[in-house]
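Peer 1: Here you go, sequence then predicted model.
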Amino acid sequence: MEIASKVLADGFVFPEGPRWHDGKLWFSDQHDCRVHVLNPDGSAVESFAVAGRPSGMGWLPDGDLLVVSMMDHKLLRRRDGKLTLHADFAAIHPGHSNDMVVDKAGRAFVGNIGFDFHAGAQFSPTIMTLVMPDGTVSIAAENISCPNGPVITEDGKRLIVAESYGNCLTEYDIAADGTLTNRRLFADLAGRMPDGICLDADECIWVAAPFVGAVLRVKRGGDVIDTVPIANGAPYACMLGGADGRDLFICCATDHAPENTVRLREGRIDVARAPAARAGWP
């Protein structure tokens with residue numbers, strides 16, 4: 001089924017990594033080096049700077065925010081409006097640090113691009129990093145083709161990640177120590193190149209597919225059962241939220257090159273009504 005969307009808020013540079021938390025929409029405006037927080041109606045709540053370009057976000061059990069700082073390979077912790085270092089990936093992330101999911105225990109699973117995409121470097125597979133609540137860093141999984149938009153299922157036992165350069169969704173079991181095991185295919189996306197994703201209560205995955213120009217609702221196995229086409233731009237990430245968990249917030253932009261997005265400032269948040277509510281993490 002095709003589902004219509006509308007613009008909720010605009011005037012951003014390159015929105016990414018949306019999260020629904022405490023009744024508000026949080027997202028990273030990556031190329032503007034800021035995190036924004038919006039009310040459900042799109043009005044602004046607050047905004048703060050992350051100099052190294054923010055990406056994935058999540059919350060520790062004590063309520064502190066974790067946010068990935070892409071360019072300097074760090075995971076930052078925000079408390080009382082101040083950012084401090086929580087973990088450092090410089091020794092193990094070959095590409096810009098990127099999206100992340102934080103589970104209910106405060107363990108963070110962090111991806112990285114694996115190569116310098118914007119500089120035209122050759123593709124290389126990479127790792128998924130595990131950060132324990134105390135900031136300890138280890139490798140959770142290897143040989144992933146640009147891990148993006150990881151989600152954790154409602155039971156807390158499985159992680160599903162978009163492999164952007166693998167054109168697929170990959171599923172793992174989460175071991176007691178946080179390592180990712182029993183790798184298998186969740187869905188072959190047949191060349192659609194997934195970016196950010198989110199999970200619903202039917203255990204379908206919403207996939208932002210920027211080169212398709214739509215957000216796709218995908219069943220296990222790869223069938224696309226719902227589509228939200230995006231006009232005048234492309235979707236790069238999505239998140240379910242709202243009062244009943246069925247508002248699908250979509251991060252859109254007309255370009256992805258940093259210099260173009262800064263000049264154009266055509267990034268926006270669209271919203272559509274989804275058939276099933278949010279589930280799991282983030």
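Peer 2: That came through fine.
Peer 1: Okay, now the sheet partners of the host helix or strand of Leu199, with direction.
Peer 2: Assigned by DSSP states H and E, Leu199 belongs to strand 197-199. Strand pairing for strand 197-199, using DSSP bridges, gives strand 205-209 (antiparallel).
Peer 1: Mind listing what's buried along the partner strand?
Peer 2: Residues of strand 205-209 classed as buried: 205-209 (neighbour count, 16 or more other Cβ atoms under 10 Å). The C-beta positions use only the backbone N, C-alpha and C, and glycine is treated the same way.
Peer 1: just curious, which of the residues you listed is nearest to Asp270?
Peer 2: Ala208 (10.8 Å; Cβ to Cβ).
Peer 1: so what's that closest one bridging to?
Peer 2: Val215.
Peer 1: now the helices for the stretch 151-282 of the chain?
Peer 2: Along the stretch 151-282 of the chain, the stretches classed as helices by DSSP state H, counting those that start in this stretch are 258-264.
Peer 1: for it, what spans make up the strands?
Peer 2: 158-163, 168-174, 180-188, 197-199, 205-209, 214-218, 224-229, 234-241, 247-253, 267-273 (DSSP state E, counting those that start in this stretch).
Peer 1: Strand 247-253 and the last one, what's the angle between them?
Peer 2: So that's strand 267-273. If you take axes from the mean of the first three to the mean of the last three Cα atoms, to 10 degrees, strand 267-273 sits at 150 degrees to strand 247-253.
Peer 1: quick one: low-confidence ranges for the stretch 51-200 of the chain?
Peer 2: For the stretch 51-200 of the chain, applying pLDDT under 70 flags the ranges 117-119.
Peer 1: So in that sheet, which strands flank whichever strand or helix holds Met128, and in what orientation?
Peer 2: In the assignment (DSSP H and E), Met128 maps to strand 126-131. Strand 126-131 has the following strand partners under DSSP bridges: strand 108-112 (antiparallel), strand 137-144 (antiparallel).
Peer 1: what does it contact?
Peer 2: Strand 126-131 is contacted by residues 75, 86-87, 89, 92-95, 107-115, 137-144, 146-147, 150, 161, 178-180 when judged by Cβ atoms under 8 Å, 6 or more residues apart in numbering.
Peer 1: Is it possible to mark the buried ones in those?
Peer 2: 75, 86-87, 89, 93-95, 107-115, 137, 140-141, 144, 146-147, 150, 161, 178, 180.
Peer 1: On the pLDDT front, check Arg220 for me.
Peer 2: pLDDT for Arg220: 98.
Peer 1: list the contacts for it?
Peer 2: Neighbour list for Arg220: 186-187, 203 [criterion: Cβ under 8 Å, 6+ apart].
Peer 1: rewinding a little: sort out which one of the buried residues of strand 205-209 lies nearest Pro235 for me.
Peer 2: Ala208 (4.1 Å).
Peer 1: Could you tell me how far the closest one is located from Asp188?
Peer 2: 17 Å (Cβ to Cβ, to the nearest Å).
Peer 1: for Leu8, same thing?
Peer 2: Between Leu8 and Asp188 the distance is 32 Å, computed by Cβ to Cβ.
Peer 1: Just to check, Ala243 is in contact with Lys24?
Peer 2: No. Checked against Cβ atoms under 8 Å, the pair Ala243 and Lys24 is beyond contact range at 11.8 Å.
Peer 1: Of the two, which one has the most company?
Peer 2: Counted by other Cβ atoms under 10 Å, Ala243 and Lys24 do not tie: Lys24 has more neighbours, with 14 against 8.
Peer 1: just to revisit the earlier point, would TSV of the contacts of Arg220 with distance to Arg263 and neighbour count be doable?
Peer 2: Shown next, in TSV, are the contacts of Arg220 (distance: Cβ to Cβ, whole Å; neighbours: other Cβ atoms under 10 Å):
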residue	distance to Arg263	neighbour count
Phe186	37	21
Ala187	36	25
Glu203	40	16
